[in-house]
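> With the sequence up front, the predicted model follows.
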Amino acid sequence: MLSFRTEFENPLVSKEIIDLDKKIRLFRGGQIADEKFRSLRLTRGIYGQRQPGVQMVRIKLPFGRLTVKQLLKIADVSDEYASKNLHLTTRQDIQIHFVSLDRTPELWAKLAEDDITLREACGNTVRNVTASYDAGINPEEPFDVSPYAYETFRYFVRNPICQDMGRKFKIAFSASEADTAMAYMHDVGFVPKVKIENGEEVRGFRVVLGGGLGAQPMLAKLGYEFLPEDQVIPLVEAIIRVFDRHGERTSRNKARLKYLIAKIGFEAFMDLVAQERTAIKSKTYTIDRNSVQQPEPAPAREIPAVEILNQNHYEAWLKTNVTEQKQKGFYSVKARVLMGDIKTAEARKLAALVQDFAADDIRITANQGLLFKYIRPEALPYFFQELNKLGLAKPGFDSTADITTCPGTDTCNLGITNSMGITEVLEDMIKEEFPDLIYNHDIKIKISGCMNSCGQHGLANIGFHGSSIKHGTAVVPALQVMLGGGTLGNGEGRVADRVIKVPTKRGPHILRFLFNDFEANAQDGEYFNSYYDRQGKNYFYQLLKPLADLSTMAPDDYKDWGHVEEYATAIGVGECAGVMIDLVATLLYEVEEKLEWAVEALKNGMYADSIYHSYSIFVGTAKALLLGKGIACNTQIGIINDFDTNFVANGTFTFEPDFKTHVLQINQNEPSQEFALQFLTEADSFLTAAKTFRGDEVKRPEVLVDLLNA
């Protein structure tokens with residue numbers, strides 16, 4: 001059995017870790033189906049890699065915040081369990097790779113000692129809540145959104161309403177109208193606002209809903225011009241409950257919130273959200289503004305002597321990577337991290353530097369970089385020198401030269417091409433041929449290894465995603481070129497257009513054509529997207545068309561970047577968005593677990609949680625019985641309707657007036673103790689009847705028996 005120290009941990013976390021270890025043993029023994037186990041491990045941040053037998057572990061860091069102690073712990077864990085590398089993601093997480101499944105509980109236990117979680121970093125859950133990396137120090141921000149991001153993370157992690165949704169759910173908080181967190185590309189995005197009422201400052205947010213990337217990007221729609229701060233969590237709670245009940249569950253490609261809104265219409269969706277307000281746990285929720293406090297600057301200390309050997313390099317770094325904070329007299333420093341990868345040895349040196357000369361609050365940025373806070377001006381030369389030793393003082397943070405990428409075929413099952421290999425080539429090419437682009441913050445380049453947009457190519461001015469082209473009997477690795485995307489601000493943005501597909505080895509030529517054409521023909525002061533709009537999509541198709549000519553193929557064009565062998569597509573089964581689980585026995589097993597959770601929540605006075613677990617018992621049991629008759633449903637509301645048609649109408653099961661009315665009591669009642677007990681009792685009776693119908697024995701928690709007999 002797993003043995004580890006638990007004195008630093010939340011008892012609930014310890015229980016989860018022990019449970020994971022137990023489930024791994026059951027899975028290894030063939031007692032848990034692969035599909036069920038896959039879902040279970042994904043919600044614990046454990047993702048199958050492209051390489052058989054090893055896992056990627058995603059570490060969830062709310063709004064990208066990381067302390068020195070946490071950075072050192074993650075480095076230690078990567079050394080012991082993974083590949084001695086930390087990969088920074090566009091969702092402000094850290095991923096480590098090549099981890100043995102059997103060691104993941106022990107790994108999680110060690111991370112938990114420093115308040116680091118894997119919980120719900122993957123799977124059909126609320127993913128990491130992101131925020132602008134400079135929240136708290138941005139001179140333009142109305143207020144610090146960090147506490148709002150943290151409280152949102154804390155409220156929804158382990159929340160029963162979002163443990164088994166049709167797909168993932170993403171939330172972002174931007175620091176200002178510049179919208180650097182890209183609220184417009186999230187299921188729910190928040191942009192901070194302040195208004196004056198009766199002479200008092202009132203905080204709130206502009207809220208946009210239903211955005212998303214993936215293979216079919218959609219822009220979020222305006223939900224509220226001003227939502228008071230105490231309504232942030234109630235709104236998200238109501239939205240998630242609607243998404244859980246009405247969202248698609250069979251076709252993963254249509255299971256995001258954006259598709260639900262497109263299907264039923266925005267007004268109908270908002271009506272459903274309003275109907276949920278009766279039953280939600282929190283009608284108002286006061287955000288603790290001190291839950292994330294501004295860190296103390298490191299004490300002033302003697303600064304070692306510094307000799308800047310390349311003054312031009314230092315001046316470029318100061319101009320592009322250093323910003324004065326709103327806290328006067330202090331500066332933030334941003335570090336470009338090539339492909340988001342940092343070796344653990346470098347991470348330890350970085351931690352020591354931060355500990356001595358910055359605040360204990362490192363932020364991972366959405367473009368896979370790092371931000372350091374509260375650096376005194378006199379320490380900047382030394383900070384530069386030490387970062388430069390680590391290869392982290394490249395000028396041009398968040399510029400055209402700073403390309404965002406996903407891991408691609410290096411580790412991802414869905415990768416089609418090597419996105420990291422071409423990123424390195426393109427950054428080197430820009431450095432050598434277009435060095436002034438380190439000062440350009442208009443043109444952003446983003447690359448994904450497939451169409452699913454983990455590298456955010458769909459919102460780039462110049463985006464690429466991995467693809468392939470058939471040429472004779474051969475398959476050629478290719479780049480789909482996307483142009484014209486980007487952030488407009490205040491929760492609004494643009495989606496890039498698909499322009500043309502080009503062999504991947506010609507990627508550097510694509511940028512040369514685009515940069516040279518823009519320099520030669522753009523009007524004074526014209527931004528790239530304005531130029532793109534003026535010239536039109538067909539102009540750029542014709543510009544790049546010669547690069548798509550396969551009659552001029554060279555032998556090297558048949559190979560992907562970083563490979564010596566000829567290219568062959570090898571796409572595995574993706575896990576990032578979870579999988580569908582339709583086995584009847586597995587479903588009923590899950591329902592029995594929810595029965596235990598409902599009882600435990602009721603015992604602890606968590607009435608809303610108990611009610612939602614009971615609702616899940618009704619839906620899960622009905623789904624299992626329908627599947628037993630070969631009837632598959634793609635939404636929870638569809639399951640409820642189909643159960644009436646196939647089991648209640650013919651008298652197999654009796655509900656007054658019908659099953660739908662009975663189950664949807666969930667959004668007709670306040671979450672009281674009385675209703676929680678009633679709903680749980682009814683759910684237990686339904687499960688018992690369903691198991692009897694199937695000839696299975698019901699495993700009823702002893703505590704439930706006691707409750708029902710009380």
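Thanks, I have it.
> who are the neighbours in contact with Thr43?
When contacts are counted by CB atoms under 8 Å, 6 or more residues apart in numbering, Thr43 touches Arg119, Glu120, Cys122, Gly123, Asn124, Thr125, Gln163. To be clear about C-beta, it is placed using only N, CA and C from the backbone, and glycine gets the same treatment.
> what's the closest of these to Glu248?
Asn124 (11.4 Å; CB to CB).
> Does the closest one belong to a helix, a strand or coil?
Classification of Asn124 using DSSP: H, G, I helix; E, B strand; the rest coil returns coil.
> What of Glu225?
Strictly by three-state DSSP, Glu225 counts as strand.
> Check the one 5 residues further on too.
Under three-state DSSP, the three-state class of Asp230 is helix.
> right, and it touches Asp288 too?
No. At 11.5 Å, Asp230 and Asp288 do not qualify as touching, with contact defined as CB atoms under 8 Å.
> More neighbours: which of those two?
Neighbours were counted for Asp230 and for Asp288 using other CB atoms under 10 Å; Asp230 has more, 15 against 12.
> ok, now which ones touch the more buried one?
Thr284, Tyr285, Thr286, Ile287.
> Show me which of those are buried.
Those of those that meet the buried threshold are Tyr285, Ile287, by 16 or more other CB atoms under 10 Å.
> so can I have CSV of the contacts of Asp230 showing pLDDT and secondary structure?
Compiled in CSV, these are given as follows (pLDDT from 0 to 100; DSSP: H, G, I helix; E, B strand; the rest coil):
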residue, pLDDT, secondary structure
Thr284, 97, coil
Tyr285, 97, coil
Thr286, 97, coil
Ile287, 97, coil
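> Tell me where the stretch 401-550 of the chain has helices.
Here the stretch 401-550 of the chain has its helices, by DSSP state H, counting those that start in this stretch, at 419-433, 507-521, 528-535, 537-544.
> in the third one, what's buried?
The one in question is helix 528-535. By 16+ other CB under 10 Å, the buried positions in helix 528-535 come out as Phe528, Asn529, Tyr531, Tyr532, Gln535.
> can you check stretch 540-547 too?
Under 16+ other CB under 10 Å, the buried positions of stretch 540-547 are Phe540, Tyr541, Leu543, Leu544, Leu547.
> May I see those arranged in a markdown table, with distance to Glu670 as well?
Putting the buried residues of stretch 540-547 into a markdown table (distance: CB to CB, whole Å) gives the following:
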| residue | distance to Glu670 |
| --- | --- |
| Phe540 | 57 |
| Tyr541 | 58 |
| Leu543 | 62 |
| Leu544 | 60 |
| Leu547 | 63 |
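> quick one: which of the contacts of Thr43 is nearest to Arg241?
Closest approach between these and Arg241, by CB to CB: Gln163, at 12.4 Å.
> Check what pLDDT that closest one gets.
pLDDT, Gln163: 89.
> try the one 4 residues further on
Per-residue confidence (pLDDT) for Arg167: 92.
> Pull the number of nearby residues for it.
Applying other CB under 10 Å, we find 25 residues neighbouring Arg167.
> related to what we said a few turns ago, out of the contacts of Asp230, who's nearest Asp356?
Closest approach to Asp356 among the contacts of Asp230 (CB to CB): Ile287, at 33.1 Å.
> Check whether the closest one really touches Val232, as I assumed.
Yes. If you go by CB under 8 Å, Ile287 and Val232 touch, sitting 6.9 Å apart.
> Now do the shared contacts for those two.
Tyr148.
> thinking again about what came up before, of the contacts of Asp230, closest to Pro407?
For these, the residue nearest Pro407 by CB to CB is Ile287; the value is 34.6 Å.
> Which of the three states applies to the residue nearest to the closest one when sequence neighbours are not counted?
Of all residues not flanking Ile287 in the chain, Glu151 sits nearest, at 5.0 Å (CB to CB, 6 or more residues apart in numbering). Following three-state DSSP, the label given to Glu151 is helix.
> so who does Glu151 touch?
Taking CB under 8 Å, 6+ apart as the test, what Glu151 contacts is Ile233, Tyr285, Ile287, Asp288, Ser291.
> So, low pLDDT: which residues of the stretch 601-710 of the chain?
Low-confidence segments of the stretch 601-710 of the chain, defined by pLDDT under 70: 696-710.
> repeat that with 90
Applying pLDDT under 90 to the stretch 601-710 of the chain flags residues 624, 627-634, 667, 691-710.
> quick one: the helices in it?
607-628, 636-643, 659-663, 673-694, 702-709.
> Kindly report the same for the stretch 1-150 of the chain.
11-28, 34-42, 68-81, 104-112, 146-156.
> Contact partners for the nearest residue to Leu680 once chain neighbours are set aside?
Setting aside the residues directly before and after it, Leu680 is nearest to Ser614 in space (CB to CB, 6+ apart), at 4.7 Å. Going by CB under 8 Å, 6+ apart, Ser614 touches Lys594, Ala598, Ala676, Phe679, Leu680, Glu682, Ala683.
> Quick one: the helices of the stretch 1-150 of the chain as CSV, columns for mean pLDDT and distance to Pro435 too.
Converted to CSV, the helices of the stretch 1-150 of the chain look like this (pLDDT from 0 to 100; distance: least, CB to CB, whole Å):
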stretch, mean pLDDT, distance to Pro435
helix 11-28, 87, 49
helix 34-42, 80, 43
helix 68-81, 98, 32
helix 104-112, 94, 41
helix 146-156, 97, 35
